[in-house]
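> fold the stuff below for me.
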Amino acid sequence: MARVSPQKTKPTRAIQHASKPAQKSKAKSSRNTIVSPTKAPRGPLLVTYFPVDDIDKDDDPAQVPQSVMEFRKLYTPYAKIKVLDSVTGENTFGGEDELVRVNDFIHIRAGQVGDRSVEDNEQWHAQVREIGVRKEPGWPKEDVCLVVAWFYTREMLDDRPIPRHDRKLCDNMMENELIPSDHTDVIHLSSIMGKVDVTFFNEYSHHQPEIGPTDFFYRRRLIGNNVVMAKDTCKTRCKATYDPNRDVQHYCPRDQCRRWYHVACMTPDKQNEDDYRLVGYNISSVEQLLIDLVYPEAGKKNAKPRSKLPYPITNPSSETEPEEDKNMMHPISLEAAYAAAELLPSRIRTLATLGITRGMPSGNGIVGNVWVVTAARYLARQVIAEGKPLDEEEAARIMEAADEMNSGNGLKLTPLAFDCPGCGCPI
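Numbers count the residues shown, from 1 in each chain. Have a look, this model is predicted:
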């Protein structure tokens, strides 16, 4: 839809369609970062009614500024708006107190691309950067426009001159994965279909909220025509990024690693089997495995020791016991550690001894079971290594989170099946 310069004409009730974001290069925004919608902006609230019933349908459609600079010159800024139906008085975008704020993610009505309508097969999304209101003499109602920064799908990237390497990085995008950009446009209020939730997927975080198979999310950004993403690649032979649809990855949470590895990269190599060994544990009980996880050098003999081990296991009867440091907790004996492990609920012991996996084929979803397992291990460390009493509230929270994974179907039990290629510990 062609856009013309704003004139002193009345805004109409005609629905405005946004122009396709990938059709031409957009003006760059001064802000390259995506701001979380949870950070509520400060500023005035505008309450407006839409559509306007007393305007002739034959009037010219509402005009939209051709540039962000023109928008800022003609429109008064607002931080948030409340859009009410002019007939019923109900909130157009949800509950009674639902607002459209700066930094919110929105679903935009698709328009025309060439001679075909794309409204049925494309969904356009963007983040609100600015909200503006314009009122001219003779207008029965104020006109509302917004500056938005576009989100792209993988298909939309084909219309942009992106370098070949960057385009290849996006080949593993899921259908519900988006890429935020610094490409901005001005749209009319009537282009908005509603608000949406888009989650940032931080692949390094142990506290990443779960992302469902149909939830919108992003993990990389488009700055100009360059794709920017975290260098979270498998640090073994493949050097490939994570494809949630195809890959199963295991995670090593230890300080010197904190890396995800593809299962295919950890299978034994016939030419160099010592580099990718399968774990050869002889586990007699879950408690023994728990001790091995809390104190790696007490388990597998050929595992590399951790550089930061707060409370090493010692034998109290040893004649070579070092002098006690009053600023440190007294190290516990191996016997005391076994006894403390018995105090943990059996469900927590099971969760703490699972392998940390992610990927749709793994059964643990896009994000995986990283928070549940690491939280269970931390709780076990507090009880076993530090001698603290069991935090029953935290234990209940961990078990509830495990039950809620995978849309309420619970997490899949994945054993420790491999050695970490980095540190040699079981993952």
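
> every contact and neighbour count from this point should use C-alpha atoms.
Will do.

> so what secondary structure elements neighbour the helix ranked longest in the chain?
Longest helix in the chain, counting residues (DSSP state H): helix 392-408. If you count contacts as 3 or more CA pairs under 8 Å, 6 or more residues apart in numbering; DSSP states H and E, helix 392-408 packs onto helix 346-352, helix 370-384.

> please identify the most buried of the ones you listed.
Among those, helix 370-384 has the highest mean neighbour count (mean count of other CA atoms under 10 Å), at a mean of 22.

> how about stretch 178-194: buried residues?
Within stretch 178-194, the residues that count as buried by 16 or more other CA atoms under 10 Å are 178-193.

> count of residues packed around K168?
Counted with other CA atoms under 10 Å, residues neighbouring K168 total 10.

> for K73, same thing?
Neighbourhood size, K73 [other CA under 10 Å]: 10.

> next one: the one 4 residues further on
For P77, the count of nearby residues is 19 (other CA under 10 Å).

> now do the contacts for it.
Going by CA atoms under 8 Å, 6 or more residues apart in numbering, P77 touches 130-133.

> I'd say T357 and Q249 touch.
Yes. The criterion here is CA atoms under 8 Å, and T357 meets it with Q249 at 5.5 Å.

> neighbour count winner among the two?
It is T357, of T357 and Q249, that has more neighbours when counted by other CA under 10 Å, with 31 against 24.

> mind listing what the more buried one touches?
Contacts for T357 (CA under 8 Å, 6+ apart) come out as 248-251, 364, 368-370, 414.

> what's the closest non-adjacent residue to W371?
Distance criterion CA to CA, 6 or more residues apart in numbering; nearest residue to W371, sequence neighbours excluded, is H206 at 5.2 Å.

> and that neighbour, how many neighbours?
Residues within reach of H206, counting by other CA under 10 Å, total 18.

> name the helix or strand for it, please.
Here H206 sits in a region with no helix or strand, counting by DSSP states H and E.

> ok, it - contacts?
Residues in contact with H206 (CA under 8 Å, 6+ apart) are 370-371, 374.

> what does E130 show for phi and psi?
Main-chain torsions, E130, degrees, to the nearest 10: phi -150, psi 150.

> which one of the buried residues of stretch 178-194 is nearest P345?
Proximity of these to P345 (CA to CA) peaks at L178, which lies at 40.5 Å.

> cross the contacts of T357 against helices and list the overlap.
Cross-referencing the contacts of T357 against helices under DSSP H gives V370.

> domains in this structure, by residue range?
With domains defined by automatic domain parsing, the chain comprises 27-229, 249-408.

> can you flag the weakest of those domains by average pLDDT?
Of all the domains of the chain, domain 249-408 carries the lowest average pLDDT, namely a mean of 69.

> now do that domain: distance from first to last residue.
End-to-end span of domain 249-408 (CA to CA, to the nearest Å): 22 Å.

> which two among the buried residues of stretch 178-194 are spaced furthest apart?
Longest distance between any two of the buried residues of stretch 178-194 is 23.9 Å, between I179 and S190; criterion CA to CA.

> how near is the residue nearest to E142 when sequence neighbours are not counted to T48?
Nearest residue to E142 in three dimensions, chain neighbours excluded: K135, at 4.6 Å (CA to CA, 6+ apart). With distances taken as CA to CA, K135 is found 12 Å from T48.

> could you do V68 as well?
Separation of V68 from T48 (CA to CA): 22 Å.

> how about V196?
V196 sits 21 Å away from T48, going by CA to CA.

> number of residues surrounding G387?
By other CA under 10 Å, neighbour count at G387 equals 17.

> my guess is V133 contacts A79. True?
No. Checked against CA under 8 Å, the pair V133 and A79 is beyond contact range at 10.8 Å.

> follow-up on the earlier one: which one of the helices and strands packed on helix 392-408 lies nearest to V83?
V83 lies closest, by CA to CA, to one member of the helices and strands packed on helix 392-408: helix 370-384, at 38.8 Å.

> okay, the angle between that closest one and helix 392-408?
Helix 370-384 and helix 392-408 are oriented at 160 degrees to each other (axes from the mean of the first three to the mean of the last three CA atoms, to 10 degrees).

> which other residues reach stretch 209-225?
Residues outside stretch 209-225 that contact it (CA under 8 Å, 6+ apart): 28, 32, 160-163, 176-183, 197-203, 227-230, 365-368, 405-407.

> how about a cut-off of 7 Å?
161-162, 176-182, 197-202, 227-229, 366-367 (CA atoms under 7 Å, 6 or more residues apart in numbering).

> flag every buried residue along it.
Those would be 210-211, 213, 216-225, for stretch 209-225 by 16+ other CA under 10 Å.

> kindly export it (C-alpha atoms) in PDB.
What follows is stretch 209-225, C-alpha atoms only, in PDB (Å, rounded to 0.1, in the frame of the first residue of the first chain):
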ATOM      1  CA  PRO A 209      11.700 -20.300  30.700                       C
ATOM      2  CA  GLU A 210      10.300 -23.100  28.700                       C
ATOM      3  CA  ILE A 211       9.400 -22.400  25.100                       C
ATOM      4  CA  GLY A 212       6.600 -24.500  23.700                       C
ATOM      5  CA  PRO A 213       6.600 -26.000  20.100                       C
ATOM      6  CA  THR A 214       4.300 -23.200  18.900                       C
ATOM      7  CA  ASP A 215       5.600 -20.300  21.100                       C
ATOM      8  CA  PHE A 216       7.300 -17.400  19.300                       C
ATOM      9  CA  PHE A 217      10.900 -16.900  20.300                       C
ATOM     10  CA  TYR A 218      14.100 -15.300  19.100                       C
ATOM     11  CA  ARG A 219      17.800 -15.900  19.800                       C
ATOM     12  CA  ARG A 220      19.600 -13.800  17.100                       C
ATOM     13  CA  ARG A 221      19.200 -10.300  15.700                       C
ATOM     14  CA  LEU A 222      19.400  -8.600  12.300                       C
ATOM     15  CA  ILE A 223      21.400  -5.400  12.400                       C
ATOM     16  CA  GLY A 224      21.300  -3.800   9.000                       C
ATOM     17  CA  ASN A 225      21.800  -6.800   6.700                       C
END
